[in-house]
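Peer 1: here's a sequence, model it:
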Amino acid sequence: MPVVNTIAGYADEMKVWRRHLHQHPELRFDCHQTAAFIADRLREFGVDEIHEGIAESGIVAIINGKGDGPVIGLRADMDALPITEATGVEYASSVPGRMHACGHDGHVTMLLGAAKYLTETRRFAGKVALLFQPAEEDGGGGEVMVKEGVMDRFNIAQVYGIHNAPGVELGHFATTPGPLMASVDTATVTVTGQGGHGATPHECIDPVVAIVGMVQAIQTIIPRNVYALHPAVISVTQIHTGSASNIIPESGWFCATIRCFDPEVRALLKRRLHEIVAGHAAAYGVTAEVVYDWGYPATINHPDEAAFAAEVAAEISGTAAVDANAPREMGSEDFSYMLEARPGAYLFMGIGDGAGLHHPAYNFNDDAAPIGASFFAKLVERAQPLP
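Peer 2: Next comes the predicted model:
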């Protein structure tokens, strides 16, 4: 079954929504204008309930089906990125230094399209909870919504989400049972010694050589502590110290991004990093402070729900266009908190050729919006059919 005909008829309208959102990007939890635009569209559709101000600017909207049944949650993230746009399109960001470089404008549009269809047809039992979430890129809005009790408050039984995938053929889907995306933690290590003249290092306690030793040793954690079949990454991405060629600095710092899929491996990586930093600090005679930001957990699909979502995707795009056992991704996603709270699944959906995510030339493909909306709509009708 291809794209739902009714939703295909919304294509021009959806394009207008998406381009309006693209022109007005907002960051983190401050998505109030975006939320107001969404709420206005939902009221026009005749959605039954609109609950605003969740996680500061998030929305949960309820669509009642025909007859009793469970509640299925559908999520779209709303926030943009602090990037200066370089697309050159006429509807480019109107806010300097901000743009929708990850396609959340497209995600919102897909869910709005599904909402319009589901409100008009209501060919499902139970209810649909539309979850419009702020602060996916930075701030963990998914966690905040869960902590504010949306799953229990609205009796959500299962939950699903989509992320667009540039460079993947338009309308192709990919998901997998179990871990799909990695957890992400950040370690920032500040090393303090005793500064002085570069000509007299014997009178100093050099933090630079300590930092170099720590960074090199941290790179041994994965090959020497983690089983080779458990994927994990530690990348030291910044080192900052010093001000002149003839000065040994008093202090310096470095940071690393740390990613894996298994909770036990995640705990191991944290423990070993602390041990290595402490050991090297003692060896070099410096002090070291580790600030370890325990970030988003791994995005782990529930097997039955992932298989079901792949079946629905195949109805929209055909079996050949769906990879139900896709490779894992080392990127992260705060939809993980919703999957910790309820059964569900997350999928990638191809939007065709174009610049990659988080690139200043990225632009969501408007042709993808009816496909994603059709997936959401059919997911509801299949999951909660009328008797």
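
Peer 1: centre-most residue in this protein?
Peer 2: In the chain, the residue lying closest to the centroid (CA atoms, centre = their mean) is Glu333, at 2.9 Å.

Peer 1: dump the residue contacts of that residue.
Peer 2: For Glu333, the contacting residues are 136, 163, 181, 296, 299, 346, by CB atoms under 8 Å, 6 or more residues apart in numbering. C-beta: built from backbone N, CA, C; applies to glycine.

Peer 1: find the nearest non-adjacent residue to Ile382, please.
Peer 2: Slight slip there: residue 382 is Arg, not Ile. Val312 (5.5 Å; CB to CB, 6 or more residues apart in numbering).

Peer 1: before we move on, the earlier item: mind telling me what element the residue nearest to the centre of the chain is part of?
Peer 2: Using DSSP states H and E, Glu333 is not contained in any helix or strand.

Peer 1: separation between it and Thr299?
Peer 2: In this view, Glu333 and Thr299 are 5 Å apart by CB to CB, to the nearest Å.

Peer 1: quick one: common contacting residues for the two?
Peer 2: Common contacts of Glu333 and Thr299, defined by CB under 8 Å, 6+ apart, comprise 181, 346.

Peer 1: next, count neighbours for the residue nearest to Arg382.
Peer 2: Val312 has 25 neighbours, counted by other CB atoms under 10 Å.

Peer 1: can you check Val380 too?
Peer 2: With other CB under 10 Å as criterion, Val380 counts 27.

Peer 1: which ones are touching it?
Peer 2: Here Val380 is in contact with 72, 74, 114, 118, 124, 128 (CB under 8 Å, 6+ apart).

Peer 1: closest to Asp185 among the residues you listed?
Peer 2: Leu74 (28.6 Å; CB to CB).

Peer 1: what's the neighbour count on the closest one?
Peer 2: So Leu74, with other CB under 10 Å, has 27 neighbours.

Peer 1: what's the residue nearest to it when sequence neighbours are not counted sitting at in phi/psi?
Peer 2: Distances taken as CB to CB, 6+ apart place Phe376 nearest to Leu74, at 5.2 Å, with adjacent residues excluded. Main-chain dihedrals, Phe376, degrees, to the nearest 10: phi -60, psi -40.

Peer 1: over to Leu130?
Peer 2: phi -90, psi 120.

Peer 1: so who does the residue nearest to it when sequence neighbours are not counted touch?
Peer 2: Distance criterion CB to CB, 6+ apart; nearest residue to Leu130, sequence neighbours excluded, is Ala61 at 4.2 Å. Listed by CB under 8 Å, 6+ apart, the contact set of Ala61 reads 39, 42, 47, 49-51, 115, 129-130, 132.

Peer 1: and with 7 Å instead?
Peer 2: With contacts defined as CB atoms under 7 Å, 6 or more residues apart in numbering, Ala61 is in contact with 42, 47, 49-50, 115, 130.

Peer 1: now the residues you listed: which count as buried?
Peer 2: Applying 16 or more other CB atoms under 10 Å to the contacts of Ala61, the neighbour count classes 42, 47, 50, 115, 130 as buried.
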